[in-house]
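Engineer: need a structure here:
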Amino acid sequence: MECDVYAMGNALVDMEFAVEEEFLQRLGVTKGLMTLVDADTQYRILQALRTHHGVRACGGSAANTVAAVAGFGGRPYYVCLVGADEMGDFYVEELASRGIATNMNGARPAGTTGSCVVLVTPDAERSMNTYLGVSVELGEEHLDEEILARSRFLYVEGYLASSPSARPACVRAMEWARRHGVRTALSFSDPAMVRTFRLGLEEMVAEGVDLLFCNRDEALAWVGCRTLAKAADSLRQLAGAFAITLGSQGALVYDGYQIHEIEPVVVEARDTNGAGDMFAGAFLYGITHGLSYPEAGQLASLAASRVVARFGPRLPPEEYGQIWRDFRAQSVT
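Structural biologist: Next comes the predicted model:
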């Protein structure tokens, strides 16, 4: 099979809940970041949420990104690991329903599928508590060099830097991609990953990447500076091109020659979970389907604005066509 994006990531069943600030304080949850937790801590949080109504979806950062690629009509392939349990069944079935090919169609390992409890406060900020489950065992044996070689981009989520087996698998996938002329892309994923697992990220991008995705906080943390201009200048040494998302201020896109300012799409934010993943997915779809880097940035900004205006990290499949039509209409005007 030929793919637009061959992606690697932690397969997590997202369970998203709207909560008050007091709930985070009571449970000792760090606001605005992704925190890795053990099974007992995850159970304790879920028990505290038993009277709340939540939304469940097959998630993980890279999964959200490839869902966006598929939503716009692209062809993604997703390398992940889920268990032979009910949540694993749910995960694989939802991927298939969205037209996402995966390595998980055959036998799956015994064990618990990973999960992420996403707590969204009234200011639309998301705080994530992640139990990796069997996804921590993702390794080189789950890769398919033949499919990767027939892909246009390899996309790796930075969260994999925390896994002793997934990290070297990412390095190997990067090697294969360069060998076969496949462009490479990586997302820093979260400021906590840059601060806590920097050495792992450095190992994954030792040879550089063709395209880097990050937000303002991640860029500043990686470079170790206080100004966005200095961070953007330094990132040119790491990536051939990059996109820095700036929340309500839009984004900066570097195409290898110059930096383009992407205007924000003004909306009332309800939930920021999945915004960066959607930006990356729409951007990757755009540049693999004839759009320039600035155009892909505009499409990505529009798509991300539709995600933050609703609760949950994904959009219904029928909304992608409308986003594309709105993007085209704006491009004409």
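Engineer: quick one: buried residues of stretch 274-292?
Structural biologist: 274-288, 291 (16 or more other CB atoms under 10 Å). In this view, the C-beta of every residue, glycine as well, is placed from N, C-alpha and C.
Engineer: same question, stretch 153-166
Structural biologist: Neighbour-count burial for stretch 153-166, counted by 16+ other CB under 10 Å, picks out F153, L154, Y155, V156, E157, G158, Y159, L160, A161, S162, S163, A166.
Engineer: repeat for stretch 13-31
Structural biologist: Neighbour counts over stretch 13-31 (16+ other CB under 10 Å) mark V13, D14, M15, E16, F17, A18, V19, F23, L24, L27, V29 as buried.
Engineer: Enumerate the helices of the stretch 101-250 of the chain by residue range, in sequence order.
Structural biologist: For the stretch 101-250 of the chain, the helices defined by DSSP state H, counting those that start in this stretch occupy 145-149, 166-179, 191-196, 198-204, 216-223, 228-235.
Engineer: avg pLDDT for the first one?
Structural biologist: Right, the one you point to is helix 145-149. Across helix 145-149, pLDDT averages out at 97.
Engineer: Counting by contacts, list what that helix packs against.
Structural biologist: Secondary-structure packing of helix 145-149 (3 or more CB pairs under 8 Å, 6 or more residues apart in numbering; DSSP states H and E): strand 3-8, helix 166-179.
Engineer: In CSV, list these along with mean pLDDT and distance to C58.
Structural biologist: Listed next are the helices and strands packed on helix 145-149 as CSV, based on pLDDT from 0 to 100; distance: least, CB to CB, whole Å:
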stretch, mean pLDDT, distance to C58
strand 3-8, 98, 13
helix 166-179, 97, 18
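Engineer: Out of the buried residues of stretch 274-292, flag the one nearest to A241.
Structural biologist: I287 (8.8 Å; CB to CB).
Engineer: pretty sure the closest one contacts G297?
Structural biologist: No - here I287 does not reach G297: they are 9.6 Å apart, not a contact under CB atoms under 8 Å.
Engineer: that older thread, of the buried residues of stretch 274-292, which is the nearest to D255?
Structural biologist: Closest to D255, out of all of these and judged by CB to CB, is I287, at 9.2 Å.
Engineer: From Y293, how far out is that closest one?
Structural biologist: Distance of I287 to Y293, given as CB to CB, to the nearest Å: 7 Å.
Engineer: cool, and E21?
Structural biologist: Using CB to CB, we find E21 at a distance of 38 Å from Y293.
Engineer: about what we covered before: among the buried residues of stretch 274-292, which ones are in helices?
Structural biologist: 275-287 (DSSP state H).
Engineer: Pipe those into CSV and attach distance to A232 and pLDDT per row.
Structural biologist: What follows is these, written out as CSV (distance: CB to CB, whole Å; pLDDT from 0 to 100):
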residue, distance to A232, pLDDT
A275, 20, 91
G276, 17, 94
D277, 21, 95
M278, 22, 96
F279, 16, 97
A280, 17, 98
G281, 22, 98
A282, 21, 98
F283, 16, 98
L284, 20, 98
Y285, 24, 98
G286, 20, 98
I287, 19, 98
